[in-house]
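Student: pasting the structure only:
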């Protein structure tokens, strides 16, 4: 059974624990700028919306990659970047309509959510369950 992240913005308090957990899992540093999930702040409304890769069925980033560096993890359904193949051309960053594939200047490759291999740290860290990992048929 495939699972996916479910995001409920109304529950988000803007604590950024998801960003901290993600950056630590992915880069071994507590640095929100290195996170694969971001919390968008609507200042005037006082609202927060977490967003990350939705693991699209019609993954435009994957289809756009000229070196086929984005592949489907059969166990999780995540579209994952193979760093050894990625040439850092950034075509996938342009192809993603949600802006969730980002260039990593430190590595010269792109980063995107890979669902932490099926155990997303952002969902574990969210104290209000604004981010949960659910049966994909539920979303």
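Tutor: Here it is on my side, so go on. Computed from a predicted model, the values in this text were never measured in an experiment. Residues are numbered from 1 along each chain as shown.
Student: show me the contacts for the residue nearest to residue 15 when sequence neighbours are not counted.
Tutor: Closest residue to residue 15 apart from its sequence neighbours, by CB to CB, 6 or more residues apart in numbering: residue 127 at 6.6 Å. Backbone N, C-alpha and C define where each C-beta goes, glycine included. By CB atoms under 8 Å, 6 or more residues apart in numbering, the contact set of residue 127 is 13, 15, 17.
Student: how about the helices of the protein, start to end?
Tutor: Using DSSP state H, the helices found in the chain span residues 17-27, 60-64, 91-95, 121-125.
Student: helices or strands next to the longest one in the packing?
Tutor: Just to be clear, that refers to helix 17-27. If contacts are counted by 3 or more CB pairs under 8 Å, 6 or more residues apart in numbering; DSSP states H and E, helix 17-27 sits against strand 38-42, helix 121-125.
Student: Within the sheet, what are the partner strands of the first one, with directions?
Tutor: Each strand paired with strand 38-42, and its direction, by DSSP bridges: strand 47-51 (antiparallel).
Student: buried ones in the partner strand?
Tutor: 48-51 (16 or more other CB atoms under 10 Å).
Student: List just the nearest of these to residue 84.
Tutor: residue 51 (27.8 Å; CB to CB).
Student: any idea how far the closest one is from residue 62?
Tutor: Residue 51 is 19 Å from residue 62, where distance means CB to CB, to the nearest Å.
Student: Can you lay out the buried residues of strand 47-51 as CSV showing distance to residue 80 and pLDDT?
Tutor: As requested, those are exported to CSV (distance: CB to CB, whole Å; pLDDT from 0 to 100):
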residue, distance to residue 80, pLDDT
48, 27, 97
49, 24, 97
50, 20, 97
51, 19, 95
